[in-house]
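Asker: Return atomic coordinates for the entry below.
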Amino acid sequence: MNAKSYKSEFNQWVKKENIEVLESTENSDLKIGDKVTFTNDYGVQFENKEILGFRKNENFLSDRVVYLDSDAYWFASKLKELKKTN
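Answerer: Numbering: from 1, shown residues only. Model (predicted):
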């Protein structure tokens, strides 16, 4: 079973809200299109999540910098929550 992709919604949100999406982030070799496993605070893993972009490191939630193809595409993940799978 294929999971729903939220790329279209992400791109619409970026355009509508004028969000600056970066191609990469500091201290990481991750890039747009990479597949990762996301592990939440409770240890639950979500596999094969695609990286859609990176968030500018700002004062608000500065450790959350990676946008993933998920139903919460607007809420960036932390680098320490991700493990590259491809």
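Asker: Work out the sheet partners of the strand or helix carrying Asn48 and label each with its direction, please.
Answerer: Secondary-structure assignment from DSSP states H and E places Asn48 in strand 45-55. The partner list of strand 45-55 in its sheet, established with DSSP bridges, is strand 21-22 (antiparallel), strand 35-39 (antiparallel), strand 64-68 (antiparallel).
Asker: Give me the residues contacting the shortest one.
Answerer: Taking contacts as Cβ atoms under 8 Å, 6 or more residues apart in numbering, the residues outside strand 21-22 that touch it are 14, 52-56, 67. For glycine as for every other residue, the C-beta is placed from the backbone atoms N, C-alpha and C.
Asker: want to try TSV for the strands paired with strand 45-55, with mean neighbour count, mean pLDDT and distance to Lys4 as columns?
Answerer: Putting the strands paired with strand 45-55 into TSV (neighbours: other Cβ atoms under 10 Å; pLDDT from 0 to 100; distance: least, Cβ to Cβ, whole Å) gives the following:
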stretch	mean neighbour count	mean pLDDT	distance to Lys4
strand 21-22	14	92	20
strand 35-39	17	97	16
strand 64-68	22	94	13
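Asker: Just to be sure, Trp13 is in a strand?
Answerer: No. If the criterion is DSSP: H, G, I helix; E, B strand; the rest coil, then Trp13 is helix and not within a strand.
Asker: and it, how many neighbours?
Answerer: Applying other Cβ atoms under 10 Å, we find 14 other residues in the vicinity of Trp13.
Asker: which residue packs closest to it, ignoring adjacent ones?
Answerer: In space, Trp13 comes closest to Trp74 once its chain neighbours are excluded; the distance is 5.9 Å by Cβ to Cβ, 6 or more residues apart in numbering.
Asker: Would you list the phi and psi of the one you found?
Answerer: Reported as degrees, to the nearest 10, the phi and psi values for Trp74 are phi -80, psi -10.
Asker: residues in contact with it?
Answerer: 10, 13, 67.
Asker: so where is the protein shaky, pLDDT-wise?
Answerer: Segments of the chain classed as low confidence (criterion: pLDDT under 70) are 1-2, 57-59.
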